[in-house]
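A.B. asks: sequence-free structure coming up:
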Ligand code: HEM
């Protein structure tokens with residue numbers, strides 16, 4: 001999957017906003033996620049400094065956005081952690097919901113316009129589809145190991 005040029009430019013334009021507010025956004029996002037989707041809470045039992053780690057990944061995503069191949073190694077590592085925690089495809093729309101809402105709440109609708117919200121939704125879909133693909137391969141491998 002690739003990300004369209006317009007979304008790339010709009011996401012890049014939010015770099016300093018995300019650098020200044022990333023942690024606030026991810027802290028808010030976990031609050032919303034656990035309130036709206038309490039079934040997600042159990043997945044995070046072993047997680048440490050999760051808001052900071054997600055905020056760093058958001059910054060890294062913007063820095064690498066012109067050549068997203070550079071992000072593959074990081075995404076492969078995240079996919080390993082996700083599969084250990086039993087993250088499934090069904091959880092991605094929940095996180096997408098909570099993340100976009102948190103961006104809107106922290107930055108305000110003037111800075112986080114509809115166009116920027118759409119660009120970030122596209123960015124999330126890009127990251128989520130890469131992660132879900134890697135995760136489905138890891139789950140399939142472990143299933144094959146069990147049945148062979
Ligand atoms: C594009 C979407 C996502 C990104 C960029 C992302 C990013 C990350 C990052 C950076 C880590 C930390 C890895 C580490 O350094 O240990 C992580 C861990 C984790 N993520 Fe995600 N994540 C995404 C989606 C999700 C979804 C949909 C869920 C399920 C609700 C989820 C649940 C978790 C859990 C439970 C951990 C902790 C694993 C552990 O250490 O026990 N993530 N994720």
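C.D. replies: Good, I have the coordinates. Given the structure is predicted, the values throughout are model-derived calculations rather than measurements.

A.B. asks: Get me the contact residues on this protein for the ligand.
C.D. replies: 40, 43-44, 46-47, 53-54, 57, 78, 81-82, 85, 87, 91-92, 95, 124, 127-128, 131 (Cβ under 6 Å from any ligand atom). C-beta coordinates here come from the backbone N, C-alpha and C atoms, glycine included.

A.B. asks: make it 8 Å
C.D. replies: 33, 37, 40, 43-48, 50, 53-54, 56-58, 61, 74-75, 77-78, 81-82, 84-88, 91-92, 94-96, 99, 124, 127-128, 131 (Cβ under 8 Å from any ligand atom).

A.B. asks: Weed out the non-buried ones from those.
C.D. replies: Buried members of the residues of the chain next to the ligand, counted by 16 or more other Cβ atoms under 10 Å: 33, 40, 54, 57-58, 61, 75, 78, 82, 87, 91-92, 95-96, 99, 124, 127-128, 131.

A.B. asks: So which of those are in helices?
C.D. replies: In helices, defined here by DSSP state H, the members of these are 33, 54, 57-58, 61, 75, 78, 82, 92, 95-96, 99, 124, 127-128, 131.

A.B. asks: Of these, which pair is most distant in space?
C.D. replies: 33 and 75 (20.1 Å; Cβ to Cβ).

A.B. asks: residues making contact with the strand or helix carrying residue 28?
C.D. replies: If you go by DSSP states H and E, residue 28 is part of helix 15-36. For helix 15-36, the surrounding residues in contact (Cβ atoms under 8 Å, 6 or more residues apart in numbering) are 40-41, 44, 50-52, 54-56, 58-59, 62-63, 94-95, 97-99, 101-103, 105-107, 111.

A.B. asks: any weak-confidence spans in this protein?
C.D. replies: 147-148 (pLDDT under 70).

A.B. asks: Nearest spatial neighbour of the residue nearest in space to the middle of the chain, chain-adjacent residues omitted?
C.D. replies: By Cα atoms, centre = their mean, the chain has its centre lying nearest to residue 124, at 5.7 Å. Among residues not flanking residue 124 along the chain, residue 96 sits closest, at 5.0 Å (Cβ to Cβ, 6 or more residues apart in numbering).

A.B. asks: My read is that that neighbour contacts residue 122, right?
C.D. replies: No. Here residue 96 does not reach residue 122: they are 10.7 Å apart, not a contact under Cβ atoms under 8 Å.
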